[in-house]
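**Student:** when you get a sec, could you give me coordinates for this:
(2 chains)
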Amino acid sequence: MATAVMTSLDPKSRAAARGMSDIAIRNLFIVPTIVFLIVFNVFPLIYSLGYSFTDFRASTNSPANFVGLQNYRALLNDPFIWNNFAITAKYVIVSVVGQVLVGFGTAMLLNRTIPFKGLLTTLLLLPMMLSMAVVGLFWKLLYDPSFGIINYALGLGTFEWLANPRMALYAVAITDIWMWSPFVMLLSLAGLSAVPKHLYEAAAIDRAGPFYTFFRITLPLVAPILMIAIIFRTMEAFKTFDLAYVLTSQPTTELISIRLYKMAFQEWQTGMSCAFAYIVLLMVLAITNIYVKYLNKVKER
Amino acid sequence: MTSIELRDVQKFFGAVQVIKDMNLKIADGEFIVLLGQSGCGKTTTLRAIAGLETIDRGDILIDGQPVQNLKCSDRDIAMVFQSFSLYPHMTVFENIAFPLRATRMSKADTDNRVREIAKVLRINDLLDKRPSALSGGDMQRVAIGRALVRRPKAMLMDEPIGALDAKLREEMRAEIKRLHVKQGSTTIYVTHDQIEAMSLADRIVIMHEGRLQQVGSPTEVYARPSNLFVAQFVGSPVMNIAPAEVKSSKDSAEVGLGGGQNFGFPSALISQLDAARSRSGQLALGIRPEGVLVSREEKKGYLPVEIHLIEPLGSYDIVDLKVGEQLLRARTRSGYVERTGDKVYARIDPEQTHFFDTASGNSLGVRL
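**Tutor:** Numbers count the residues shown, from 1 in each chain, chains lettered A, B, ... in the order given. I've put the predicted structure just below:
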């Protein structure tokens, strides 16, 4: 089968003239990538697993001592860590639900013949092309209580978005929703336009109302691709660091990645933070697995 | 009890008029087939009746009520699509139950109705399957089941068996006929296949370029085509059409197809032609292959012709005869003529001959 996919080298090409074979060219392209992946991803992953069982501190010269599962035990018994997890869970739910509602809604609005549809779609996609740090910086300005345009536009006076401990997490989530709804929209739009038009005609003939059609035809048929968008966004939201870090430093917005960052690079508890990172990794894997199971179930039909 | 009527229906797609002055009355329980080439407006007409297309002028009446401004859900009409349009994420049961559930019918009633219709269509063992696991014929049965289950006022079918292979098509054709006889619902059926049309229809409606050409029973349409288009569209092999020249001699008429030889016709032809033609124009003669009689021996009234081509079709042969410059296709017993190039004798059966005005294409209504 592999030979059918791989096209063979044109004997008249320059590469062939230099005496290179198909295999040589393949290696030329693939090997650097693999080396890069091993050096920067696979190696640290395994190396940090080792560290997670030690009391290593990268800020000192003292040798690492093996402490067994002590780090994991300490982390899982720490109520402050669990608080970080609770904050993260709340953030993930608010942010992903918001993105799905806004993104899918926009996709529904765009999934019809309207003038300048292409231009409109492109413009709507812009937020997701920006850098996280930049988005954080200018939303900080937008949220500013005294001169921010959000308070001005909504007539909220000097409402504190980021300094208010109860509002700050939602403010970060709103920014995330603004930035990543277009991603959900893009995938939903692909899913929506793949629903055959004749199914809607059949449903109209079958006397299905708009809501019935939406919940029994549109949603089930878009579900697989929407599921993929949700998986991606959940994983990303779980790992959110820069946006929250740039926007605010409230204790109520201390997501696990921020806690992890502080533990690793401010408190220099390298061994402990490696263990923490592994706990987070396992959690993301578990959540993703649940989604993938569901996705496969949806795709079966 | 459903009658459907179209009154002066006009429909434009941009500048193109796809339905022109459509007038049609369909009686209760009738099986009507809209027949025509692709792009003739037959599917658009059907979709307009269903409410999937709007019309620009005219009225569509169901049971005497104008419905052209109603949504399809308010017209109570069912439709079977060429692409089947089954809901891929639902089982067969859920597909058939969909129209009932959409109108909030109780669970028990839904269940009964679906099982009842599944039994009629012989798909009761398939109820738990998904459409992707079905054969083409079964998919179409499910689509028909979904249309019939809510006992609609009328059934519309848009080339429902066009996507099936030839053998299955024949099978489903019989099945649709059986169902119609059993259910007796008013049905409008669109096809481009004239054999399908002939075998199913109570009345055939032939359309061409958005215009209605002829409405009549299958035999009527076959035996008395009202114009050249219908004559050539209905019937297989196609009717022979040739420019004709009619001359009167002593007590008979002579029809020449060019090439110097003339076929003899009864003298009544002359008087009928005179009556039919307001002014003399170009004439075209139409004769179906079975109306061209072939003989191996010389007979009175038969002209010598040369065999140009033989197509053996099993139950009969189609033979191309060279009459002067013209080719006439004749239908003979299989194996009656043996070799191309042979000389045989042929005659045109006056009773089966049609005369058309070449300019307008209309039949002159000559009956001999």
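
**Student:** just for the chain, where's the confidence low?
**Tutor:** Using chain A. For chain A, the stretches with pLDDT under 70 are A:1-7, A:301.

**Student:** nope, chain B please
**Tutor:** Looking at chain B by pLDDT under 70, you get B:1, B:259, B:278-281.

**Student:** so which residues on it come close to chain A?
**Tutor:** B:50-52, B:71-73, B:76-79, B:81, B:83, B:85-90, B:98-99, B:102-103, B:130, B:146-147, B:150 (CB under 8 Å from any CB of the partner chain). For the C-beta atoms, the positions are set from N, CA and C on the backbone; glycine is no exception.

**Student:** which of these are buried?
**Tutor:** B:50-52, B:72-73, B:76-79, B:81, B:83, B:85-90, B:98-99, B:102, B:130, B:146-147, B:150 (16 or more other CB atoms under 10 Å in any protein chain shown).

**Student:** just the ones of those residues in helices?
**Tutor:** Using DSSP state H, the members of these that fall in helices are B:Ala50, B:Phe98, B:Pro99, B:Ala102, B:Arg146, B:Ala147.

**Student:** for chain A, see how far away the residue of chain B positioned farthest from its centre is.
**Tutor:** Most distant from the centre of chain B: B:Lys250, at 41.9 Å, with distances by CA atoms, centre = their mean. Going from B:Lys250 to chain A by CB to the nearest CB, to the nearest Å gives 66 Å.

**Student:** same deal with B:Asn23?
**Tutor:** 25 Å.

**Student:** can you report phi and psi for that residue?
**Tutor:** Dihedral pair for B:Asn23: phi -130, psi 120, per degrees, to the nearest 10.

**Student:** contacts only, for it.
**Tutor:** B:Leu6, B:Arg7, B:Asp8, B:Val9, B:Leu212 (CB atoms under 8 Å, 6 or more residues apart in numbering or on different chains).

**Student:** so who does the first one touch?
**Tutor:** When contacts are counted by CB under 8 Å, 6+ apart, B:Leu6 is found next to B:Met22, B:Asn23, B:Leu24, B:Lys25, B:Thr45, B:Ile49, B:Gly58, B:Asp59, B:Ile60, B:Leu61.

**Student:** now do the third one
**Tutor:** Contacts for B:Asp8 were tallied using CB under 8 Å, 6+ apart; they are B:Asp21, B:Met22, B:Asn23, B:Arg57, B:Gly58, B:Asp59.

**Student:** which among these end up buried?
**Tutor:** Using 16+ other CB under 10 Å, the buried ones in the contacts of B:Asp8 are B:Met22, B:Gly58.

**Student:** which of the contacts of B:Asp8 fall in strands?
**Tutor:** Among the contacts of B:Asp8, the ones falling in strands (DSSP state E) are B:Asp21, B:Met22, B:Asn23, B:Arg57, B:Gly58, B:Asp59.

**Student:** surely the first one and B:Arg7 touch.
**Tutor:** In this case it means B:Asp21. No - the pair B:Asp21 and B:Arg7 does not pass the contact test of CB atoms under 8 Å, sitting 9.8 Å apart.

**Student:** list the buried residues in stretch A:59-67.
**Tutor:** The neighbour-count check on stretch A:59-67 (16+ other CB under 10 Å) flags A:Val67 as buried.

**Student:** just the C-alphas of it, formatted as CSV.
**Tutor:** Coordinates of the C-alpha atoms in stretch A:59-67 are reproduced here as CSV (Å, rounded to 0.1, in the frame of the first residue of the first chain):
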residue,chain,number,x,y,z
SER,A,59,18.5,26.6,41.2
THR,A,60,21.0,24.8,43.4
ASN,A,61,24.0,22.5,42.7
SER,A,62,22.9,19.9,45.3
PRO,A,63,22.4,16.5,43.7
ALA,A,64,18.9,15.1,43.2
ASN,A,65,17.8,12.6,45.8
PHE,A,66,15.3,9.9,44.9
VAL,A,67,12.2,10.3,47.0
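
**Student:** how far away from the center of its chain is that stretch?
**Tutor:** Taking CA atoms, centre = their mean, to the nearest Å, one finds the center of stretch A:59-67 at 34 Å from the center of the full chain.

**Student:** do stretch B:60-72 as well
**Tutor:** Put simply, stretch B:60-72 sits 26 Å off its chain's centre (CA atoms, centre = their mean).

**Student:** show me where the stretch 201-350 of chain B has its helices.
**Tutor:** Using DSSP state H, counting those that start in this stretch, the helices of the stretch 201-350 of chain B run over B:218-223, B:228-233, B:268-276.

**Student:** out of those helices, deepest packed?
**Tutor:** Stretch with highest mean neighbour count among the helices of the stretch 201-350 of chain B: helix B:228-233 (a mean of 22; mean count of other CB atoms under 10 Å in any protein chain shown).

**Student:** could you name the helices and strands sitting against it?
**Tutor:** If you count contacts as 3 or more CB pairs under 8 Å, 6 or more residues apart in numbering or on different chains; DSSP states H and E, helix B:228-233 packs onto strand B:203-208, strand B:211-216, strand B:240-249, strand B:283-287, strand B:353-357.

**Student:** in a markdown table, list these along with mean neighbour count.
**Tutor:** Formatted as a markdown table, the helices and strands packed on helix B:228-233 follow (neighbours: other CB atoms under 10 Å in any protein chain shown):
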| stretch | mean neighbour count |
| --- | --- |
| strand B:203-208 | 24 |
| strand B:211-216 | 20 |
| strand B:240-249 | 17 |
| strand B:283-287 | 22 |
| strand B:353-357 | 22 |
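
**Student:** and B:Leu364, how close does it get to chain A?
**Tutor:** On the measure of CB to the nearest CB, B:Leu364 and chain A end up 44 Å apart.

**Student:** thought B:Ser363 was touching B:Ala223?
**Tutor:** No - counting by CB under 8 Å, B:Ser363 stays clear of B:Ala223, with 11.3 Å between them.

**Student:** residues from chain A in reach of chain B?
**Tutor:** A:196, A:198-199, A:201-209, A:212, A:216-217, A:220-221, A:301.

**Student:** buried ones among those?
**Tutor:** A:199, A:201-208, A:212, A:216-217, A:220-221, A:301.

**Student:** ends of stretch B:360-368, how far apart?
**Tutor:** Chord length of stretch B:360-368, first to last residue, is 22 Å (CA to CA, to the nearest Å).

**Student:** mind listing what's buried in that stretch?
**Tutor:** Buried, per 16+ other CB under 10 Å, within stretch B:360-368: B:Gly361, B:Ser363, B:Leu364, B:Val366.

**Student:** re earlier: any idea which of the helices of the stretch 201-350 of chain B gets closest to A:Met128?
**Tutor:** Nearest of these to A:Met128, taken as CB to CB: helix B:228-233 at 56.9 Å.

**Student:** other residues contacting the closest one?
**Tutor:** B:35-37, B:194, B:206, B:208, B:213-214, B:221, B:225, B:238-239, B:241, B:284, B:286, B:354, B:356, B:361-363.

**Student:** hmm, try it at 6 Å
**Tutor:** Applying CB atoms under 6 Å, 6 or more residues apart in numbering or on different chains, the contact partners of helix B:228-233 are B:Ile206, B:His208, B:Gln213, B:Gln214, B:Pro225, B:Val238, B:Met239, B:Gly286, B:Phe356, B:Gly361.

**Student:** next one: stretch B:41-54
**Tutor:** Under CB under 6 Å, 6+ apart, the answer for stretch B:41-54 is A:201, B:18-19, B:34, B:36, B:55, B:60, B:71-72, B:75, B:77, B:79, B:156, B:158, B:190, B:207, B:210.

**Student:** please repeat the previous calculation with a cut-off of 7 Å.
**Tutor:** A:201, A:205, B:4, B:9, B:11, B:18-19, B:22, B:34, B:36, B:55, B:60, B:70-72, B:75, B:77, B:79, B:156, B:158, B:188, B:190, B:207, B:210 (CB atoms under 7 Å, 6 or more residues apart in numbering or on different chains).

**Student:** those residues in strands, which ones?
**Tutor:** Using DSSP E, the contacts of stretch B:41-54 in strands are B:4, B:9, B:11, B:18-19, B:22, B:34, B:60, B:77, B:79, B:156, B:158, B:188, B:190, B:207.

**Student:** closest to A:Met179 among the residues you listed?
**Tutor:** B:Met79 (44.9 Å).
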